[in-house]
Structure formats: structure tokens, C-alpha cells
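Trainee: how would this look folded up:
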Amino acid sequence: MQINDRVKRISTIGVLVGGLITSGCGSQQAASPPATPEVAVVTVNSEPLVLTTELPGRTSAYSVAEIRPQVNGIVQERLFNEGSDVKAGSVLYKIDPAPYQAAYNNAVAALARSEANLPPIRLKAERFRELIAVKAISQQDFDNAVAALKQAEADIEYSKATVESARINLAYTRITAPISGRIGKSNVTVGALATAYQGSAFATIQQLDPIYVDATQSSANLLQLKRNIAAGRIKGSGPNQARVKLLLEDGTPYPQEGTLKFSEVTVDPSTGSFILRMVFPNPQYTLLPGMYVRVVVQEGVVDRAILVPQQGVSRDPKGNPVTLIVDGSGKVEQRTITVARAIGDRWLVSEGLNPGDRLIVEGSQKVRPGASVKVVPFDAGRKDGSGTEKTVQPAAKAN
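Mentor: Sure thing, here's the model as predicted:
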């Protein structure tokens with residue numbers, strides 16, 4: 001009986017000691033300070049940045065000429081291949097010239113007859129001028145001779161005009177190309193009846209080198225650009241500002257640069273946009289009229305552009321963009337910023353950040369403003385533990 005009581009006392013003491021030990025360990029764990037959270041940062045830097053804008057556009061021919069007859073007649077020949085290149089002045093169609101040749105010959109003969117009647121009438125008028133001086137003839141006879149001379153001279157001028165008109169009509173039987181370019185399909189065949197200045201064109205010639213590109217730009221974007229330039233946030237890029245680039249329908253860059261020619265002076269009230277017209281060289285006829293393209297227009301240069309990764313920017317409950325930075329004492333500070341536009345996977349920041357600020361891009365979910373943090377370098381591709389912070393480099397151009 002005594003042995004059992006002793007065993008019970010020993011067991012109770014062991015339980016009490018174990019509880020005290022466990023309680024002591026828990027107190028030590030509760031008293032240990034929490035670990036400082038780690039955040040990955042990038043150091044903000046500023047560099048010159050060329051700003052560009054992509055605008056949707058359509059191509060159109062540099063010049064278009066619709067081929068129509070200027071005289072009536074039957075088409076005798078077609079002297080071009082459909083879809084080929086033609087030169088200005090080359091003959092495209094021939095209309096039966098027989099009636100116009102006859103009219104020309106008749107006009108030439110009438111002119112010769114008028115010229116043949118002129119010498120005797122002129123001699124008569126000169127004789128009457130001598131006779132009227134000595135009162136050998138009446139004034140009425142002299143006046144009639146002078147009038148006959150003037151009428152003969154007028155008949156000659158009329159005949160000359162008739163000859164010129166007949167010559168022009170005869171020349172119109174050979175329909176020539178007014179411009180150089182690529183001609184489309186022919187809408188008439190040999191034997192068709194041509195009507196002067198008819199509504200339907202025989203064919204259409206389009207000059208494709210160079211070629212126009214018409215792009216639409218929002219008037220609101222233009223106003224914002226002007227305000228930024230006036231405020232000094234953007235500097236005009238001088239002569240290079242007139243140079244534009246092109247992206248084809250499949251996204252590939254067009255190898256030739258273009259020139260901005262003019263902008264429309266009227267804003268379309270239905271869309272709030274206006275037209276920018278550019279000219280691009282097109283020696284290989286890569287661009288065809290009606291193609292959809294995207295035009296890269298150079299707006300200007302930001303001397304001290306600040307670009308930050310988009311993952312380092314969040315939104316507050318009101319929708320304003322905010323960032324978390326690490327100050328000089330290693331504590332988190334919240335900044336409200338202003339972003340101008342997205343450039344690739346970065347934001348162009350116009351206000352709120354300065355060169356040298358350390359922007360938190362990873363680990364922001366586990367920190368709050370005012371908390372102390374441990375700074376580690378941000379590297380999206382590798383972990384080298386070098387302890388150096390990655391610097392944001394502005395992109396070469398803005399999309």
C-alpha cells in the first residue's frame with residue numbers, strides 16, 4: 001500500500017514538472033520577436049523616352065484616274081494587259097477614227113477655201129482706200145469693201161478653230177493613260193459602243209508608289225498632347241516628328257518610313273476624331289489600296305521619363321493608382337501617383353515618384369505603410385543574391 005502511494009506521488013510530481021516545462025517553452029516562443037518581412041524592390045530611374053502612338057488606318061492610292069471616252073464610236077482595239085503597269089501617255093484603247101478623220105479633212109479644206117478668198121478681198125479694200133482719198137468712190141462702197149475684208153479674215157479664224165476642234169476629236173479616238181500606275185480590269189471589249197463622257201469607266205488606273213495612309217486620331221488625345229507639350233512634360237521631336245512607321249495587318253513592320261503630310265481641319269462629330277494623312281514609298285507594291293494597317297506616329301520626347309513595372313502599381317478603393325516604396329529608414333511608405341499611359345508591361349508615371357525611390361514590386365501583400373521591411377533585389381529571371389537592386393530602364397519607344 002505504501003509503495004502504491006509513493007508511485008502516485010512521483011507520477012503527480014512528474015506531470016507538474018512537465019507542465020511547468022511546457023509552459024516555460026511557450027512563454028519563450030511568445031516572447032521572441034517576429035521576423036522582418038522581405039520585399040523585392042526596383043530603383044526608379046529616369047531617362048529620355050520617345051513617345052509614339054499607334055493609330056488605325058487604311059491605305060489609298062496616291063492618285064486615281066478613271067478612263068472614259070471623250071468621243072462617240074466603236075472600240076476597235078484594247079492595247080494593254082489587265083493588271084499591268086502603264087505609263088502616262090501610252091495608248092489604251094482605239095475608237096474607230098474614220099468619221100473624225102473625214103471631219104478633220106473637211107475642216108482643213110474649208111480653211112483652205114477661206115484663205116483663198118482673202119487676197120482679192122484685201123486688194124479690193126486697199127484700192128478703195130486710195131480711191132476714197134480722191135473722192136473717186138462713195139463712202140458706202142469703201143465701207144462695204146472694209147467689211148468684206150474683215151468678214152473674210154473672221155472666216156479664216158473660224159475655219160482654223162474648226163480644224164483644231166476636228167483635230168482634237170480625231171486625237172480622242174486614241175484613248176491614252178493620263179497618269180502612270182497600275183491599271184485594273186477592262187470593262188469593255190472590242191466592238192463595244194463608246195459614248196462621250198459616259199458614266200461607267202472603261203478602266204481605272206491607280207498610282208501605288210507612293211501610297212497614302214489615312215489614320216484616325218482622337219481629338220481628346222491631341223488636346224492632351226498639346227497640354228503636355230505646353231507644360232513642358234513632353235518636348236517636340238523636331239524634324240523627326242514628321243516621320244512615321246507602319247505595321248501591316250499581320251503585325252510585321254513595314255520596312256519603309258513614311259512622312260506625315262497633313263491633318264484634317266475638321267473633327268468628325270460622330271466619332272470625335274480627325275484624319276491624319278501620311279505618304280509611304282511602295283516600290284514593291286506591298287501596300288494595296290484598302291488594306292488595314294496601324295500607323296506608329298512619333299509624338300515627342302520626354303526628357304526624364306519614369307517607367308515602373310505594372311505589378312508594382314495597385315489601386316486604392318477610389319481607383320487611384322498607388323505604390324509602396326521603402327524610405328531611407330527601411331520603412332514602407334504609400335504614394336499616390338499619376339500614370340500617363342501603359343508602355344509594354346510598364347506604366348509611364350508623370351507624378352508621384354522620383355529617381356532613386358525604391359519601389360516594392362514583390363511582397364507588398366504582407367506589409368503595411370509604416371512597417372519595417374528587409375529589402376532584397378528584384379529579379380524576375382534568376383536569384384543571384386547579389387544584394388543589388390534592379391534599376392528600371394525606360395523602353396526605347398512607347399506603343
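Trainee: Look at residue 389 and report its pLDDT.
Mentor: Listed pLDDT for residue 389 reads 42.
Trainee: Tell me which helix or strand in this structure has the weakest average pLDDT.
Mentor: The weakest-scoring helix or strand in the chain, judged by mean pLDDT, DSSP states H and E, is strand 390-391 (a mean of 42).
Trainee: Could you pull out the strands in the stretch 51-200 of the chain for me?
Mentor: If DSSP state E, counting those that start in this stretch is used as the criterion, the strands of the stretch 51-200 of the chain fall at 73-78, 85-86, 91-95, 174-176, 181-183, 193-194.
Trainee: Against which helices or strands is the lengthiest helix in the chain packed?
Mentor: Taking DSSP state H as the criterion, the chain has its longest helix at helix 98-133. Helices and strands touching helix 98-133, by 3 or more CB pairs under 8 Å, 6 or more residues apart in numbering; DSSP states H and E, are helix 139-171. C-beta coordinates here come from the backbone N, C-alpha and C atoms, glycine included.
Trainee: tell me the mean pLDDT over the helix it packs on?
Mentor: pLDDT averaged over helix 139-171 gives 94.
Trainee: How far away from the center of its chain is it?
Mentor: Chain-centre distance of helix 139-171: 59 Å, with CA atoms, centre = their mean, to the nearest Å.
Trainee: Please identify the buried residues of it?
Mentor: For helix 139-171, burial by neighbour count (16 or more other CB atoms under 10 Å) applies to 142, 145-146, 148-149, 152, 155-156, 159-160, 162-163, 166, 169-170.
Trainee: ok, and the closest non-adjacent residue to residue 193?
Mentor: Nearest residue to residue 193, sequence neighbours excluded (CB to CB, 6 or more residues apart in numbering): residue 74, at 6.2 Å.
Trainee: Double-check the one you found against residue 96; I have them as touching.
Mentor: Yes. Assessed by CB atoms under 8 Å, residue 74 is found in contact with residue 96 at 4.7 Å.
Trainee: Looking at those two, which one has more neighbours?
Mentor: Between residue 74 and residue 96, residue 96 has the larger neighbour count (other CB atoms under 10 Å), namely 16 against 13.
Trainee: thought the more buried one was touching residue 73?
Mentor: Yes. With contact defined as CB under 8 Å, residue 96 reaches residue 73; the gap is 4.8 Å.
Trainee: Could you list the domains of the protein?
Mentor: Annotated domains of the chain cover 38-49+304-391, 51-61+208-301, 69-96+173-200, 98-171 [automatic domain parsing].
Trainee: Now the terminal residues of the last one, how far apart.
Mentor: Distance across domain 98-171, first residue to last, is 12 Å (CA to CA, to the nearest Å).
Trainee: Ok, the third one next?
Mentor: Using CA to CA, one end of domain 69-96+173-200 lies 10 Å from the other.
Trainee: How far off centre is that domain?
Mentor: 34 Å.
Trainee: And for stretch 337-356?
Mentor: Taking CA atoms, centre = their mean, one finds the center of stretch 337-356 at 26 Å from the center of the full chain.
Trainee: Not counting it itself, show me its contacts.
Mentor: 43-46, 49, 233, 302, 304-310, 313, 321-323, 325, 335-336, 359, 392, 395, 398-399 (CB atoms under 8 Å, 6 or more residues apart in numbering).
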